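1. The following block contains a protein sequence and its predicted model.
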Amino acid sequence: KEEFVHTIRYYERMLDVRGVKVRLGSRASVDDLADFDEVVLATGVVPRIPSLPGVDHPKVITYQQAINGAPVGDRVAVMGAGGIGFDVSEFLLHDADESVEHWMERWGITDPELERGGLATKVKAPPRRTVHLLQRKTSELGKGLGKTSGWVHRQTLKDSSVDMVKGVTY
């Protein structure tokens, strides 16, 4: 989620400014925490590995491995169409170092000095790979995504011709 890098940087700075103690990778007992007014438990997330035949195949990787640079083929099936499934699908479509200008072209945005309202013709960029996003539920894919940003992810996948399949049995 590249767009959150500045938010994280802001919070890191504010923790420093406010003198908040941050301890990572350490155990804490009740006694260790007794003098604090507030305690934040941030354990991270662990990918759920389904119990399916073939899940141990060399071509099957977790989303963490994919975003951390594991080799990913030209045709990819993403199992799970929740927030992470959408994020990973979008990540797999475009170069991580895509320029702002290229992003603006894909969304049909330009400098308002050049075009009234800053609207331009949308330029369809070829996706980096073919992605199939699979969901067990029969409801519309992306229905549970955030109200303020979900439409962006759904539109990006649609514009990149992602095959979104619902009602899948793994």
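-> Cool, the structure landed.

2. which element is residue 132 on?
-> Assigned by DSSP states H and E, residue 132 belongs to strand 130-134.

3. tell me what that strand is packed against?
-> strand 75-79, helix 83-93, strand 163-165 (3 or more Cβ pairs under 8 Å, 6 or more residues apart in numbering; DSSP states H and E). Every C-beta, even on glycine, is put in place using the N, C-alpha and C of the backbone.

4. and residue 31, which of the three is it?
-> Assigned by DSSP: H, G, I helix; E, B strand; the rest coil, the conformation of residue 31 is helix.

5. just the one 10 residues further on next, same as before
-> Classification of residue 41 by three-state DSSP places it in coil.

6. what about it, how many residues close to it?
-> Neighbourhood size, residue 41 [other Cβ atoms under 10 Å]: 6.

7. Please determine how far the most centrally placed residue in the chain is located from residue 36.
-> Nearest to the mean C-alpha position of the chain, counting by Cα atoms, centre = their mean, stands residue 87 at 2.7 Å. According to Cβ to Cβ, to the nearest Å, residue 87 stands 33 Å off from residue 36.

8. How about residue 108?
-> From residue 108 to residue 36 the distance is 50 Å (Cβ to Cβ).

9. These two: who's more crowded?
-> A direct count of neighbours by other Cβ under 10 Å for residue 108 and residue 36 places residue 108 higher, at 13 against 10.

10. Nearest residue to that one in space, please, no chain neighbours.
-> residue 122 (3.5 Å; Cβ to Cβ, 6 or more residues apart in numbering).

11. Quickly note the distance from residue 71 to residue 89.
-> 17 Å.

12. Among the two, which residue is more densely surrounded?
-> It is residue 89, of residue 71 and residue 89, that has more neighbours when counted by other Cβ under 10 Å, with 25 against 9.

13. buried ones in stretch 117-134?
-> Residues 125, 127, 128, 130, 131, 133, 134 are the ones in stretch 117-134 that count as buried (16 or more other Cβ atoms under 10 Å).

14. Nearest to residue 94, out of those: which one, please.
-> Taking Cβ to Cβ as the measure, residue 94 lies nearest residue 128 of these, at 6.1 Å.

15. can I assume the closest one is in contact with residue 90?
-> No - applying Cβ atoms under 8 Å as the test, residue 128 and residue 90 come out as separate, 10.8 Å apart.

16. list the contacts for residue 129?
-> Residues in contact with residue 129 (Cβ atoms under 8 Å, 6 or more residues apart in numbering) are 72, 73, 74, 75, 76, 92, 93.

17. try 6 Å this time
-> Contacts here follow Cβ atoms under 6 Å, 6 or more residues apart in numbering; on that basis residue 129 touches 74, 76, 92.
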